[in-house]
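Visitor: Make a model of this:
(one chain, ligands or ions: 1)
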Amino acid sequence: MVKESKTRCIGILTSGGDCPGLNAAIRAITKTAINVYGMTVLGFMDGFRGLVENRIIHLENNTVSGILTNGGTILGTSRDKLHKMPMGNKIIDMTDVAIENLRQNHIDCLVCLGGNGTQKNALRLHQAGNVNVLTLPKTIDNDVAGTEITFGYDTAMQIATDAIDRLHTTATSHHRIIVCEIMGNKSGWLTLGAGVAGGADVILIPEIPYDISVVVNYLLERRRKGSRFSIIAIAEGAVSIDDENKKAKIQKKAKVKSKKQNDSSDTTENNNDEIAVSSHNIFEESKASIIAKQLQKLTGIEARVTSLGHIQRGGVPSAFDRTLCTLLGTKAAELLASGIYNVMVSYKADSCIPVPLEKIAGIHKTVPLDHPLIISARLVGTCLGNK
Ligand code: F6P
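Guide: Here you go, the predicted structure:
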């Protein structure tokens, strides 16, 4: 017998960069929603774009059977936002179309699985159309506010740690510096976690702008003491103190520019800058490559670069992520059945709790400078790029 539910029909979408655990979460929501509460579950393909284009699949028990261990997302994903969606060569606000599609499909609540951008987009949709939304925190970056951990992070940290382990053996054999670039544009959780777990000698994260001379002196001192190799874990968003000052100026200009754009009409001509919808710029020389060149020149020690890139987001989820997604997904269905909407299901102190979306959307959770992992890293002699 099914339990009473205030929600009869839900839509699910996955949005932003994919990560291991999305399928486990889709499975947990769907199974609980259907089997325990008798809900109808629809899946929108490719994030918010599928919602606008009304591309739907019915999620049933057999659709989600066997997907617990699969990486990626059976629903597909995109970085599209409703209020600024590229349509042909224009960027158009498609929020009204999305609201109408939800209404026509009799959806009581839209469940959005995603990172920071998704939390913001879900809140915007709720505010624009008084539509019910509920979100789950997903990203390998672990930078969503209001939750202790996001799913995908644990798996990615293991992948990056394995990579650092492997780099150790080759760096030792060749007596080289190896710089390993790890994802994380605005926060260094992944680099710090994998760097500490893999015993990197230097860990550089966006929260601590580095002084290149501190890193150079540290590497030379290591060599003087007899270490014949060094591993540097660097986040893709790490910045030097000099670059940080330049960045502040650029951001100020960009803010003024975006204000001007917002003040003009919603329907604007598309351009290539706007197509690069993730903060990850594939056309720029990587931080790892820049710093490796500098270090080779300044230390006289041969350097190499490894960029882990999307390998960190691929493959099967870890046991931890599978269990986390099952906990978050089943809790989501329980909240939906109770008619609790416009919240993110967060993970705190071993339990899943709803936090109001408006309290967390748009806030990046960065690594606090007094975080225990930063303190421990320093205690074991790791260089964090500053004095
Ligand atoms: O948002 C997660 C993330 O993996 C970031 O760490 C990275 O900067 C970005 O996605 C890469 O995005 P894309 O796959 O769109 O290039």
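
Visitor: where do the strands sit along the chain?
Guide: Counting by DSSP state E, one finds strands in the chain at the ranges 9-14, 40-44, 56-58, 85-87, 90-92, 109-114, 133-137, 177-182, 202-204, 230-235, 268-269, 303-307, 343-348, 351-356.

Visitor: Throw these into CSV and include mean pLDDT and mean neighbour count, thanks.
Guide: To be clear about C-beta, it is placed using only N, CA and C from the backbone, and glycine gets the same treatment. Rendered in CSV, the data for these read as follows (pLDDT from 0 to 100; neighbours: other Cβ atoms under 10 Å):
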stretch, mean pLDDT, mean neighbour count
strand 9-14, 98, 25
strand 40-44, 98, 23
strand 56-58, 98, 13
strand 85-87, 96, 17
strand 90-92, 96, 17
strand 109-114, 98, 29
strand 133-137, 98, 29
strand 177-182, 98, 28
strand 202-204, 98, 29
strand 230-235, 98, 29
strand 268-269, 40, 10
strand 303-307, 97, 19
strand 343-348, 98, 22
strand 351-356, 98, 15
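
Visitor: can I get these in CSV with distance to R322?
Guide: Rendered in CSV, the data for these read as follows (distance: least, Cβ to Cβ, whole Å):
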stretch, distance to R322
strand 9-14, 16
strand 40-44, 20
strand 56-58, 23
strand 85-87, 33
strand 90-92, 38
strand 109-114, 15
strand 133-137, 14
strand 177-182, 22
strand 202-204, 28
strand 230-235, 26
strand 268-269, 43
strand 303-307, 27
strand 343-348, 14
strand 351-356, 15
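
Visitor: what residues does this structure put near the ligand?
Guide: 16-17, 79, 115, 139-141, 183-185, 236, 278-280, 313 (Cβ under 6 Å from any ligand atom).

Visitor: Got a quick ChimeraX command for the buried subset of the residues you listed?
Guide: The ChimeraX selection below is limited to those of those classed as buried (16 or more other Cβ atoms under 10 Å):
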select :16,17,79,115,139,140,141,183,184,185,236,313
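
Visitor: which one of the residues of the chain next to the ligand is nearest E244?
Guide: Distances from the residues of the chain next to the ligand to E244 were compared by Cβ to Cβ; the smallest belongs to N185, at 14.2 Å.

Visitor: Surely A156 is in contact with W189?
Guide: No. Applying Cβ atoms under 8 Å as the test, A156 and W189 come out as separate, 9.6 Å apart.

Visitor: Can you pick out the residue with more neighbours from the two?
Guide: Remark: of A156 and W189, A156 carries more neighbours, 32 against 27, as counted by other Cβ atoms under 10 Å.

Visitor: who touches L113 in this structure?
Guide: L113 makes contact with I12, L13, T14, S15, L22, A25, I26, T73, T135, L136, K138, according to Cβ atoms under 8 Å, 6 or more residues apart in numbering.

Visitor: In JSON lines: the residues you listed, plus distance to T299.
Guide: Supplementary listing: the contacts of L113 in JSON lines, determined by distance: Cβ to Cβ, whole Å:
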{"residue": "I12", "distance to T299": "51"}
{"residue": "L13", "distance to T299": "49"}
{"residue": "T14", "distance to T299": "44"}
{"residue": "S15", "distance to T299": "43"}
{"residue": "L22", "distance to T299": "42"}
{"residue": "A25", "distance to T299": "45"}
{"residue": "I26", "distance to T299": "48"}
{"residue": "T73", "distance to T299": "43"}
{"residue": "T135", "distance to T299": "46"}
{"residue": "L136", "distance to T299": "45"}
{"residue": "K138", "distance to T299": "39"}
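
Visitor: gap between stretch 379-387 and the chain center?
Guide: Between the mean C-alpha point of stretch 379-387 and the mean C-alpha point of its chain there is a distance of 26 Å (Cα atoms, centre = their mean, to the nearest Å).

Visitor: which residues touch that stretch?
Guide: With Cβ under 8 Å, 6+ apart as the contact definition, stretch 379-387 has outside contacts at 195-196, 200-205, 208-211, 214-215, 218, 238, 374, 377-378.

Visitor: Among the residues you listed, name the ones in helices.
Guide: Among these, the members falling in helices (DSSP state H) are G195, V196, V214, V215, Y218, I374, A377, R378.

Visitor: which among those end up buried?
Guide: Among these, those scoring as buried are G195, V196, V214, V215, Y218, I374, A377 (criterion: 16+ other Cβ under 10 Å).

Visitor: between the residues you listed, which is nearest V179?
Guide: V215 (10.2 Å).

Visitor: Tell me the pLDDT of the closest one.
Guide: V215 is assigned a predicted lDDT (pLDDT) of 98.
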